[in-house]
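*Asks:* Quick one, what's the 3D model for this:
(2 chains)
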Amino acid sequence: MWTYIARRFLAVPPLLLAVSFLTYALLYAAPGDYFTRLEEDPSVTAEYMAQLRAQYGLDGGLFTRYWHWLVNAVQFDFGHSFRFDVPVFDLITERLSNTLVLSVASLILAWGLALPLGVLAGVHQGRLLDKIVGFISFFGLSIPRVFFSLLMVMFAANTKWFPVGGMRDQIYWDVMTPWEQFVDVAHHLVLPAIVIGTTQTASYMRQMRAEMVETLSKDFVRTAKAKGLAHWQVVYKHAFGNAVNPLITLFGYSLAALLAGSFLVEIVFAWPGLARLTVDAVFAQDEPVVMASVIMATSMLVLGNLIADLLLAFVDPRIRLE
Amino acid sequence: MAQQHRSPWQIMWAKLRGNRTAMVGLVVLAFLYLGALFAGFISPYSDTHQFREDNWHPPQITQLHLWDDEGTFRGPFVYAQNRVDDFLAEYEEDRSRIIEIDFFVRGDTYELLGLFETDLHLFGTADTERAIFLFGSDRYGRDIFTRIMYGSRISLSVGIIGILISMSLGMLIGGVAGYFGGRVDFVLMRIVEVILAVPGLYMILTVRQAFGQDMSSTQSYFIMVLVLAFIGWAGNARVIRGMVLSIKENEYVTAAEALGLPRLRIIARHILPNTLSFVIVTATLAVPYYILGEVALSFIGVGIQEPDASWGNMLREAQNVRYLTDYAWVVTPGFFIFFAVMAFNFLGDGLRDAADPRSLE
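*Replies:* Numbers count the residues shown, from 1 in each chain, chains lettered A, B, ... in the order given. Sure thing, here's the model as predicted:
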């Protein structure tokens, strides 16, 4: 077990190395750079451009530049953003925490819906409730998040019940008490969290239902029923515990999607998270920011997958990890 | 009793026929793809035809009439909408003026199936000065129904072409990795891992951006398909490799090897065909990824560019909150994306059940 964990951890650095190099090469291959637009100004001389590029480390070949980036990155120095002229690390951590607020809220919503509804659908297999749950999951699986988000924005704009975007009130934020600030963020959070939550919950719900249906047909469940246990005891004490096991892995994978899952929703709702920052940075060719956010998102995905595999090993003793 | 022999494909088809949701999906897809194929004929105008006087015209699909106020049968028609406010684009129905809808009318020229030019449209207005906007018109007074039809050619073909490329790549690379094993396998699988390690949209965006921003819609279209396929093949290759690992242990593979067949031929003719039912199911379920990929890229602004229409770049208009409240019909393309994705999910689910030998007919 421990050797397995150690080996999995040892595989992470080479992977991150490969990903960062690939990303860097792609950024390098893109025509022009952050300063290209300055060249259109006739008063800007070629010498000045060269000086500028040297200052920001944009001269030199792919390998020199990548090496330079890498040496700093392993010391957790991701450089300065070209656009904002602040350390990328500060920029990213702020946006990252905003994204996490949104995705953790959606995660709680998704699982909070998926488990009870999946169990109920499994228990009431083939009946109305099951059909409703089935419909919700098909809806959630198929509705594009962009479209769902736009509908929600439309809803917010028409009813004025919710803000149409952003994360906090632009005007009164500074004069709010911490409690009011919390309520304000929660208010902004509702619609985007619903969008991500419902679209995510669909597959978990389906899985939960399927596991429940299968477990309920097992022998030990029949035994429990034959012993004369009450229905709820059979369902919640005997069946549920066994049925929920495979879902734990799925939970691990949903941790992996924590950063990337909210991408388009963040953009539609103008949520000040990692997605908006990355898109803008990619367009502006703000290399340090793009590199840092790709590495951040990748690390999250890799770690999430690792956690999922480990969780599976913990909950299912039949799986031997070598 | 004479035993009926049926091929696995016939059995699969029979099972699929019995699956109502899958058939609904199939029919919806048939309609959508026919619409894309005959976009020019079905839509009353060309995708760039602007009715400048009629921008933000509300949809008329719910206002189709057959009988007028006196109760006389007039055939399909709509009442004219007069613009009340030039600036705000507000319209009011004018009950005294009737716009009749004719079938097989002449209008803008287009190329049917890319073969020959014609100007015949399925329907249109008898009076060419007054337009019919089934789903309303957009900012420039272009018919949204028309643009959805034209846009579907892009949005729906991205899925098919993308999946063809990524599946072929996935089968080839997965097959080679699984069959040869050893160092080849090691290297190929590490590449797969790198591609899969980067969250989808981050990867798509960076790869897309490596090609630069300023390009025509045609270039953009091909790059988009390539980018999506470049990322999509990795997952397929991994699964195919796993299947090949077990298939290559079969005796017929040993027999083929003993016959001295070239190894790539063994992979292509004897091993990969066994993965076909998996491939078909996965491909069907993966098409939405490409459709949504196009939507995402065009929505962000690096996909199909104006004035060309795609479902993604039509939704881009809806980012303006005022348009969303005042001209709610800007989101209509979203319903089409939704239906297309849903139909592929229905069909893919049905195919998966049908391909499962344990499932009952």
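
*Asks:* residues in chain B within reach of chain A, list them.
*Replies:* Residues of chain B lying close to chain A (CB under 8 Å from any CB of the partner chain) are B:190, B:193-194, B:197-202, B:205-207, B:209-213, B:288, B:292, B:295-296, B:299-300, B:315, B:318-319, B:321, B:324-325, B:328, B:331, B:334-335, B:337-338, B:341-342, B:345-346. Bear in mind the C-beta positions are built from the backbone N, C-alpha and C, glycine included.

*Asks:* Close to chain B: what parts of the stretch 151-300 of chain A are there?
*Replies:* By CB under 8 Å from any CB, the residues of the stretch 151-300 of chain A that approach chain B are A:151, A:153-154, A:157-158, A:164-165, A:257, A:259-260, A:263-264, A:267-268, A:275, A:278-279, A:282-283, A:285, A:290, A:293-294, A:297-298, A:300.

*Asks:* Only the buried members of the residues you listed: can you turn that into a ChimeraX selection?
*Replies:* Buried residues within these, by 16 or more other CB atoms under 10 Å in any protein chain shown, are selected in ChimeraX with:
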select /A:151,153,154,157,164,165,257,259,260,263,264,267,268,275,278,279,282,285,290,293,294,297,298,300
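
*Asks:* Narrow the residues of the stretch 151-300 of chain A next to chain B to those in helices?
*Replies:* Secondary structure assignment (DSSP state H) places A:151, A:153-154, A:157-158, A:263-264, A:267-268, A:275, A:278-279, A:282-283, A:290, A:293-294, A:297-298, A:300 from these within helices.

*Asks:* What does the pLDDT read for residue B:360?
*Replies:* For residue B:360, the model assigns a pLDDT of 56.

*Asks:* Also residue B:2?
*Replies:* Residue B:2 carries a pLDDT score of 54 in this model.

*Asks:* Same check on residue B:343?
*Replies:* Reported pLDDT for residue B:343: 90.

*Asks:* returning to that earlier point: buried subset of the residues of chain B next to chain A?
*Replies:* Buried among the residues of chain B next to chain A (16+ other CB under 10 Å): B:193-194, B:197-202, B:205-207, B:209-211, B:213, B:288, B:292, B:295-296, B:299-300, B:315, B:318-319, B:321, B:324, B:328, B:331, B:334, B:337-338, B:341-342, B:345-346.

*Asks:* so where does residue B:122 fall, helix or strand?
*Replies:* Element membership for residue B:122, per DSSP states H and E: strand B:116-125.

*Asks:* ok, residue 68 - how many residues close by?
*Replies:* All of this is about chain A. 13 (other CB atoms under 10 Å in any protein chain shown).

*Asks:* that's the wrong chain, I meant chain B
*Replies:* Applying other CB under 10 Å, we find 13 residues neighbouring residue B:68.

*Asks:* Indicate the residue of the stretch 201-322 of chain A located nearest to chain B.
*Replies:* residue A:260 (3.1 Å; CB to the nearest CB).

*Asks:* For the nearest residue to residue A:191 once chain neighbours are set aside, give me its contacts.
*Replies:* Of all residues not flanking residue A:191 in the chain, residue A:152 sits nearest, at 4.5 Å (CB to CB, 6 or more residues apart in numbering or on different chains). Applying CB atoms under 8 Å, 6 or more residues apart in numbering or on different chains, one finds that residue A:152 lies in contact with A:191-192, A:194-195, A:269.

*Asks:* how about the strand holding residue B:122: buried residues?
*Replies:* Those would be B:121, B:123-125, for strand B:116-125 by 16+ other CB under 10 Å.

*Asks:* Sort out which one of these lies nearest residue B:89 for me.
*Replies:* The closest of these to residue B:89 turns out to be residue B:125 (CB to CB; 20.0 Å).

*Asks:* how many degrees apart are the helix or strand containing residue B:81 and strand B:116-125 in direction?
*Replies:* Per DSSP H and E, residue B:81 falls inside strand B:73-85. If you take axes from the mean of the first three to the mean of the last three CA atoms, to 10 degrees, strand B:73-85 sits at 90 degrees to strand B:116-125.

*Asks:* SS state for the residue nearest to residue A:249 when sequence neighbours are not counted?
*Replies:* Of all residues not flanking residue A:249 in the chain, residue A:312 sits nearest, at 4.4 Å (CB to CB, 6+ apart). Classification of residue A:312 by DSSP: H, G, I helix; E, B strand; the rest coil places it in helix.

*Asks:* Pull the number of nearby residues for residue A:312.
*Replies:* With other CB under 10 Å as criterion, residue A:312 counts 17.

*Asks:* what do you get for residue B:168?
*Replies:* Residue B:168 - counted by other CB under 10 Å - has 14 other residues nearby.

*Asks:* so who does it touch?
*Replies:* By CB under 8 Å, 6+ apart, residue B:168 has no neighbours at all.

*Asks:* angle of the host helix or strand of it against strand B:116-125?
*Replies:* Element membership for residue B:168 (DSSP H and E) is helix B:144-180. On the basis of the same axes, to 10 degrees, helix B:144-180 is oriented at 130 degrees to strand B:116-125.

*Asks:* Residue A:34 contacts residue A:287, doesn't it?
*Replies:* Yes. Between residue A:34 and residue A:287 there is a contact at 7.0 Å, judged by CB atoms under 8 Å.

*Asks:* quick one, which of these two is more surrounded?
*Replies:* residue A:287 (26 against 19).

*Asks:* Name the nearest residue to the more buried one, sequence neighbours excluded.
*Replies:* residue A:27 (5.5 Å).

*Asks:* Report pLDDT for that neighbour.
*Replies:* pLDDT, residue A:27: 82.

*Asks:* Touching, it and residue B:212? I think so.
*Replies:* No. If you go by CB under 8 Å, residue A:27 and residue B:212 don't touch, sitting 11.8 Å apart.

*Asks:* send the alpha carbons of the helix or strand of chain A with the lowest mean pLDDT over as CSV?
*Replies:* Taking mean pLDDT, DSSP states H and E as the measure, the helix or strand of chain A with the lowest value is helix A:46-55, at a mean of 75. Only the C-alpha atoms of helix A:46-55 are listed here, as CSV (Å, rounded to 0.1, in the frame of the first residue of the first chain):
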residue,chain,number,x,y,z
ALA,A,46,13.0,48.2,-32.4
GLU,A,47,15.7,48.6,-29.8
TYR,A,48,13.2,49.4,-27.2
MET,A,49,11.2,46.3,-28.1
ALA,A,50,14.2,44.2,-27.9
GLN,A,51,15.1,45.7,-24.5
LEU,A,52,11.5,45.1,-23.3
ARG,A,53,11.5,41.5,-24.4
ALA,A,54,14.9,40.9,-22.8
GLN,A,55,13.6,42.4,-19.6
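
*Asks:* can you pull out the helices in the stretch 1-150 of chain A?
*Replies:* A:2-29, A:46-55, A:62-73, A:88-123, A:128-142, A:145-159 (DSSP state H, counting those that start in this stretch).
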